[in-house]
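Peer 1: the following block contains a protein sequence and its predicted model.
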Amino acid sequence: APVLAQSSYAPAGAQFEARFDGALDSKRMHDGDRFTLTEDGTSYRGTPPALKRAKIEGHVEHVSAARKDHRATLNVVMDNVVLADGTRAPIDATITAIGARDPRTLRLRDAGLVLGARVTGEPGRKKPGGEGVALRSRSAAKQIEVRRGTVVRVKLLEPIATVG
């Protein structure tokens, strides 16, 4: 069988910042709803060159609106990355920070959410996007509302590579 060459675009551990292209809302969203993130391009100096202007495609799982006795929950699952040159690859990454950028310090301000640990998908089912990052509201009866343009810092857990 022929050996397929594999090109690496970004190493495991690389970090970059991206902005949500639309809003996330635990009251209005449902499991499977799609979202996209676009690499920020201006704020984070450690971004690997191949990830400049990249777009991440993903979906949400385990969406639960807040109720009097229950905090809102929403798992953000990143499925694929589409690089500026059109190359598409699966992505295995986590979110390490979420918030709005403070214009004076350029640091990420608190988004009013609890950024949970990485959560696994269905047991025994390995698939792109099979794991996600849990978002939780800080208090019961408060919905998760992530506005369009909210910045997240993304850390790659596996290198981004394509087979060609």
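Peer 2: All right, it came through fine. Residues are numbered from 1 along each chain as shown.

Peer 1: residue 134 pairs with what?
Peer 2: Beta-bridge pairing for residue 134 (DSSP bridges): residue 75.

Peer 1: touching, it and residue 75? I think so.
Peer 2: Yes. If you go by CB atoms under 8 Å, residue 134 and residue 75 touch, sitting 5.2 Å apart. For every residue, glycine as well, the C-beta is placed using N, CA and C.

Peer 1: need phi/psi at residue 50.
Peer 2: Note on residue 50: backbone dihedrals following degrees, to the nearest 10 are phi -70, psi -20.

Peer 1: mind listing what it touches?
Peer 2: Neighbour list for residue 50: 9, 10, 83, 160 [criterion: CB atoms under 8 Å, 6 or more residues apart in numbering].

Peer 1: residue 18 too?
Peer 2: 37, 38, 39, 40, 54, 56, 151, 152, 154 are the contacts of residue 18 under CB under 8 Å, 6+ apart.

Peer 1: so it is in which element?
Peer 2: If you go by DSSP states H and E, residue 18 is part of strand 15-20.

Peer 1: now that strand, how far from the centre of its chain.
Peer 2: Mean C-alpha position of strand 15-20 versus that of the full chain (CA atoms, centre = their mean, to the nearest Å) differs by 8 Å.

Peer 1: now do that strand, average pLDDT.
Peer 2: The average of the pLDDT scores along strand 15-20 is 92.

Peer 1: which residues touch the nearest residue to residue 145 once chain neighbours are set aside?
Peer 2: Among residues not flanking residue 145 along the chain, residue 25 sits closest, at 5.4 Å (CB to CB, 6 or more residues apart in numbering). Neighbouring residues of residue 25 by CB under 8 Å, 6+ apart: 143, 144, 145, 146.
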